[in-house]
Each structure stands twice: as C-alpha cells, then as structure tokens.
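Asks: turn this into a structure:
(4 chains)
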Number of protein chains: 2
Amino acid sequence: MLKKERHAFIIKQINLHNKVLSADLATALNVSEDTIRRDLMELDDSRQIVKVHGGALSKSFHYPFQQTDIYAVDAKKAIARKAIGLIKSGMMVLTGGGTTVLEMMQALPQNLAVTVFTISPLVALQLADHPLVTVILIGGEFSKDSQVCVGSQVVNYLHEIKFDICFLGTNGISIADGVTDSDLNIVHLKKAMINASNRLVIMCISEKLNSVQRMNVCPLAKVDYLITDLDPDNQVLNDYREKGIQLY
Amino acid sequence: MLKKERHAFIIKQINLHNKVLSADLATALNVSEDTIRRDLMELDDSRQIVKVHGGALSKSFHYPFQQTDIYAVDAKKAIARKAIGLIKSGMMVLTGGGTTVLEMMQALPQNLAVTVFTISPLVALQLADHPLVTVILIGGEFSKDSQVCVGSQVVNYLHEIKFDICFLGTNGISIADGVTDSDLNIVHLKKAMINASNRLVIMCISEKLNSVQRMNVCPLAKVDYLITDLDPDNQVLNDYREKGIQLY
DNA sequence: TTATAAGTTGCAAATAACCGCATGTTTATA
DNA sequence: TATAAACATGCGGTTATTTGCAACTTATAA
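Replies: Prediction:
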C-alpha cells in the first residue's frame, strides 16, 4: 500500500463522510496509527483536509465557522421581501425581535407610512432612519437572552391595543405542535402579541420548519400567513397549506 | 464524535435558534454536560458565541449598532469613570441616552448589582452582557433624532416610580440658566426624570460648560452632582462649586 | 428566603499525539 | 551491481488531550 494510495483513500473517505477517525483508517488500511497521523499531517499541511484530535474533517466542514453575520441571511432576506408585501400604508404593525424581523425592517421601503410597535430595541433603532414610520417601543424588563422587552408590563400593555398585523419569527413550527418556543418569557409574550393582533404572520426559514421546541406558543389555526424562503408551492409546505394557512 | 463536530453542531444550533441550552446539547450529542460546558467555553473564548448561565447565545446580532464616531470620547470616558463611583449595589438608577451615559454603562463593573431604568435602547443593549444588572427599558414613542423613547407614555411612567439617582448628559449648562436643552420632547422628558429621582447627576464635557440652549430643563439648585472631564478643583468650576453642587 | 439548576475544581482513566530510534524500502549514483 | 542516502514505517516510552465523575460553590427563580 503506497502512501499516495492511502492519501487518496483518506480524501475519498472524507469527501464521503466529512470526517475520518485515525483509528478507523489504521484498521482499514492496515497500518499503524502513527502512519495515519503522518498522512493526515501531510494532507493538512497541503490544505486538503483539517486535522483534529482523533482524526480529520473535511475543509468545508471547518469553514462555516467564520461566518460573520446572521445565519442564513439570504433566506431571511427572501422572507423579509415577501413579508413586506403584507404591509400597507396606515397599518398598525406589531413585531417581535428575531433576526428575520430585523432583516425585514431593514428592507422596508421608505415610502411606507406605518406605525410600528415593537418589543425589540434593535428593531426600533433599525427604523430610526425611516422618516414616515412612527416607532413605538414597548417597554419592560429587557431580556438579555432574547434582546427584547419581556414581562408583565409588556403583556399588560398589549392588552390595551389592537393591531392590524403581527410579524413573528419562530424557533419551531410543526404540524403536530404548531408554533413552539423554548423560553417561557418569550412564550408569554408571543401569546399576548398574537391575541392583540387581527392577523398573525409567522416567518420561518425552511431549515426550522417542522422543528419542535419545548413550549407551545399557539396552534397552527391561529397562524394566518406562513412565510418561508421556499416557493409557496413547495411540497414541503403541503401540510401547512391544507391547514388553511396562507403561504408566501 | 470529534470535538470539532460537536462545535460545528453547536454553532449551527445557535445560528438556527439564537440560543442553546447545555442540557439539550448534552442529550442531543450524547456527552456529559461538563463536556458541553467546556465546548461552549472554547467557542466563547474564540468569540464565536456568547456563553451564559445554562447555555449560550448567538453573537450575530449583539452589537450591530457600533458607534465609532463619538465626539470627545476620552473626555466622556473620564466622566464615565467618575460617574460610576456614585453607583452602589442595590440602587435604582435612571439614565438618559447620551453618549456619555453609554460610555458609562460600557465601563460599569461586572460586580455591581443594580436596577437600571433607561429610555435608551442603546443603553439597554449595552447592558445586555451585565449579569447582575436588571435593565428596564421605559417604552414610548421612539425619537429618531435622539434615539430615546419620548412622549407622554414615558412621562406618565416616570410619575409612578422614585429612583435613587438619575444620570443625565446635557447639551447646555450655565450659572445663569441652569441646565438647558434644545428639543422640546427631551426637555419634557428630562423634567420628569429629574422629578422622579432623589439625586441628580449631570455629566458634561468641559467644552459644553457655560453654554446655553433654547429651553430650560432645571435650575442649578436641582443638580446634586456635576461631573466633567476637568479636575474638580479647576477654577472653571468655581461658580458651580459655590452653588453647592458636588463636583467630580 | 430556600430549593433547584448550573458552574467549578480536582482528579483519574482512556485515548491520542509526540519523539527517538530501529528496521525496511526505494532511489540515486559510483 | 553495489552502496549510500533518503524515505517510509512501526514500536516503546512519554506527554498531552479529552472526558466523565464527584464534591463543592455559585447562580437562578419561585
């Protein structure tokens, strides 16, 4: 077994599985682990793989680490574009605080004259340069985790106003469990927000579709619109379509 | 399962949900929570995530609004340092939204356990990584100019609470006219804030000393402390000292 | 406040990596 | 062809890393 052959085999394995273990390779190729280690070293030196303790990984596996900005920006931008279509001048809009909502506010046309109520300081700041938009920041205890205002103060406030439309991102949505989230405070909040709005828009990147979090926010029946980065006709969304949710 | 694989998985989860719980990860990856904790530590050390009690958070939207161009930063930092000395654990602190206040919050020691009420989203965000600080964001109409919440809602809210100490930056202060400002909304607001606090701290870079704005906020008699970037014994401050204001 | 969850520290076991060296193998050249 | 030089490989001994556990401290939330 020549060195080159081993290298080829290793590369192949990595392309196949995105990772290899030194021990496995030693067995498979019937050489000592030291040899494998030396092989992996060389492949690492020549930037073909990434050596790690215990084996090696594909380079593509390693690169995403340096993502600088928001995850799945493109998907979120796509969602934002569609979501904006639901906003008409003069509306009272209520928003949560996720990155998708932020993308949306960033992409909001300058000529839309709406009143935006939000629990997210970031959303408020984002809208600061929109001359026609009135921003009401709903105050309360500021949650360090989720970067939005939470607590009974917010919930009480929401009882007093009725909004035209509410835009929420979500951490989990599924046919069986509806909209779910993992933070108790956020769940309380979202429930209040949903009750305060005539229409509910859930925005969800396709990757999060059909995932379930610990706590229930609302059943699918309450969701008027579901916006994903997928084509609305996509089969993945069939079940949601059948539930009577408008897809975008 | 290689360590890097876990790391990749964790990063992905965080990008997906903006947060992860150690316990969930331990279950999902079938390793002990200790291991997860160590993983999160490493990812935090390498600035890829933000470790918090119980799990970790996404870093992606933590400080998107970095102010790079603060005027007279050094002077403001000096003021911030002195101002912090006035805060004791357990206090109810009220703050405005100027850049000096922001500097102050940035420099706040991690071991101070206080409750900070603020009308500034930026101050709230700044304090997000302060474990011992409870932040209450006072909501209302968001002023695009001054980047703080203004309006009757805020003023009403301030009527209901009494604070230990209030920190305000100012655009104008002089012996003859006291504290002055140029924006009607802000003036209303500051008056309410001053009334709601037992003690008032005015922070002012020396450049703005003895300058007068259009509208009156409060007379010097209401000012308990004046903090500038000057030495407290500086002659420029003589007149203020004679008025009985404590200088720092 | 107190009960519970999370974090910390130190430690031990398992595994992986490293180092030097001996033993082959291949290659280059007299 | 003979022979040295360079290379490749495996092995023993040692060191470093990873991981889980237990005892203890700290933080969080009701």
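
Asks: DNA strand C contacts on chain A?
Replies: Chain A comes close to DNA strand C at residues A:L21, A:S22, A:A23, A:E33, A:D34, A:R37, A:M41, A:K51, A:V52, A:H53, A:G54, A:G55, as judged by Cβ under 7 Å from any atom of the strand. For glycine as for every other residue, the C-beta is placed from the backbone atoms N, C-alpha and C.

Asks: swap in 6 Å and give it another go.
Replies: By Cβ under 6 Å from any atom of the strand, the part of chain A that sits against DNA strand C consists of A:S22, A:A23, A:D34, A:R37, A:H53, A:G54.

Asks: so which of those wins on neighbours?
Replies: Tallying neighbours with other Cβ atoms under 10 Å in any protein chain shown puts A:S22 at the head of those, with 20 neighbours.

Asks: thought A:D129 was touching B:Q147?
Replies: No - judged on Cβ atoms under 8 Å, A:D129 makes no contact with B:Q147 at a distance of 10.9 Å.

Asks: the two: who's more crowded?
Replies: When A:D129 and B:Q147 are compared for neighbours, B:Q147 comes out ahead with 22 against 9, by other Cβ under 10 Å.

Asks: state the pLDDT value of that one.
Replies: On pLDDT, B:Q147 comes in at 90.

Asks: list the contacts of it.
Replies: Contacts for B:Q147 (Cβ atoms under 8 Å, 6 or more residues apart in numbering or on different chains) come out as A:L125, A:A128, B:G97, B:S120, B:P121, B:L122.

Asks: rewinding a little: now for the residues of chain A next to DNA strand C: which two are most distant?
Replies: A:D34 and A:H53 (15.1 Å; Cβ to Cβ).

Asks: close to chain B, is the longest helix seen in chain A?
Replies: Determined from DSSP state H, the single longest helix within chain A is helix A:3-17. No - Helix A:3-17 stays clear of chain B (Cβ under 8 Å from any Cβ of the partner chain), getting no nearer than 10.9 Å.

Asks: after that helix, heading C-terminal, what element do we hit next?
Replies: Tracing the chain C-terminally past helix A:3-17 and defining elements by DSSP states H and E, one meets strand A:19-21 next.

Asks: mind listing what that following strand pairs with, with the direction of each?
Replies: Partners of strand A:19-21 in the sheet, by DSSP bridges, are strand A:55-57 (antiparallel).

Asks: and the partner strand, how far from the chain's centre?
Replies: Put simply, strand A:55-57 sits 28 Å off its chain's centre (Cα atoms, centre = their mean, to the nearest Å).

Asks: is any residue of it near DNA strand D?
Replies: No - judged by Cβ under 6 Å from any atom of the strand, strand A:55-57 makes no contact with DNA strand D; its nearest approach is 11.2 Å.

Asks: what comes into contact with that strand?
Replies: With Cβ under 8 Å, 6+ apart as the test, strand A:55-57 has contacts from A:10, A:14, A:18-25, A:40, A:43-44, A:49-50, B:2, B:4-5.

Asks: tell me the buried residues within those.
Replies: A:10, A:14, A:18-22, A:25, A:40, A:43-44, A:49-50, B:2, B:4-5 (16 or more other Cβ atoms under 10 Å in any protein chain shown).

Asks: biggest separation within the residues you listed, which pair?
Replies: Pairwise over the buried ones among the contacts of strand A:55-57, using Cβ to Cβ, the maximum falls at A:L43 and B:E5, 18.0 Å.

Asks: need the next SSE after the helix or strand bottoming out on mean pLDDT in chain A, C-terminal direction.
Replies: Lowest on mean pLDDT, DSSP states H and E among the helices and strands of chain A sits helix A:59-62, with a mean of 68. Next helix or strand after helix A:59-62 toward the C-terminus (DSSP H and E): helix A:73-84.

Asks: for that next one, name the packing helices and strands.
Replies: Contact partners of helix A:73-84 among helices and strands, from 3 or more Cβ pairs under 8 Å, 6 or more residues apart in numbering or on different chains; DSSP states H and E: helix A:99-106, strand A:197-203, strand A:225-227.

Asks: C-alpha coordinates for the second one, PDB please?
Replies: The C-alpha coordinates for strand A:197-203 follow below in PDB (Å, rounded to 0.1, in the frame of the first residue of the first chain):
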ATOM      1  CA  SER A 197     -53.400  41.300  16.600                       C
ATOM      2  CA  ASN A 198     -56.000  40.700  13.900                       C
ATOM      3  CA  ARG A 199     -53.700  38.800  11.700                       C
ATOM      4  CA  LEU A 200     -50.600  36.700  12.500                       C
ATOM      5  CA  VAL A 201     -47.600  36.300  10.200                       C
ATOM      6  CA  ILE A 202     -45.100  33.600  11.100                       C
ATOM      7  CA  MET A 203     -41.700  33.900   9.400                       C
END
